[in-house]
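Undergrad: Show me how the following folds:
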Amino acid sequence: MPFETYLIKVTENATVFQIQGILKVILGIGGRIEMVAGRTIIASLDSSYAELVRKTEGVALAGGISFRGRKIPRIVKKASEEKQAES
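TA: Purely as a prediction, here's the structure:
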């Protein structure tokens, strides 16, 4: 199955042991912790194990996210073309 990036939100009342458990589950299935900020974890893992992460105690939300597909706005391209024409 494909490796995907997931945003995992930890519940507000989760204990330190529950958060450690979430991290152990991710690492145990061969995933990689990309970032932890507050009660949010960004991790890369095999999508076939996503349901296991969602069912882990202390997880409020676990969903796939994508950082690809961003394009430079057309305005920037036009500004670049104008600078070249002036030269």
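
Undergrad: How far does stretch 6-21 stretch from one end to the other?
TA: By CA to CA, to the nearest Å, the extent of stretch 6-21 from end to end equals 17 Å.

Undergrad: what comes up buried for that stretch?
TA: Within stretch 6-21, the residues that count as buried by 16 or more other CB atoms under 10 Å are Tyr6, Ile8, Val10, Ala14, Gln18, Ile19, Gly21. Quick note: C-beta positions are derived from backbone N, CA and C, even for glycine.

Undergrad: Would you agree the second one is in contact with Arg39?
TA: Same thing as Ile8. No: between Ile8 and Arg39 there is no contact under CB atoms under 8 Å: 9.4 Å.

Undergrad: Ala60: how many residues sit nearby?
TA: 14 (other CB atoms under 10 Å).

Undergrad: which residues touch it?
TA: Residues near Ala60 by CB atoms under 8 Å, 6 or more residues apart in numbering: Lys9, Val10, Thr11, Glu12.

Undergrad: Can you give the distance of stretch 26-44 from its chain's centre?
TA: The chain centre lies 8 Å from the centre of stretch 26-44; the measure is CA atoms, centre = their mean, to the nearest Å.

Undergrad: any weak-confidence spans in the chain?
TA: 1, 67-87 (pLDDT under 70).

Undergrad: just the helices in it please.
TA: Remark: helices assigned in the chain by DSSP state H are 16-28, 50-54, 74-86.

Undergrad: quick one on the thing from earlier: with respect to Val25, which of the contacts of Ala60 is nearest?
TA: Of all the contacts of Ala60, Val25 sits closest to Val10, with 12.3 Å by CB to CB.

Undergrad: follow-up on the earlier one: mind checking which of the contacts of Ala60 land in strands?
TA: Judged by DSSP state E, the contacts of Ala60 include Lys9, Val10 as members of strands.

Undergrad: which among the contacts of Ala60 gets closest to Ser44?
TA: Lys9 (16.4 Å).
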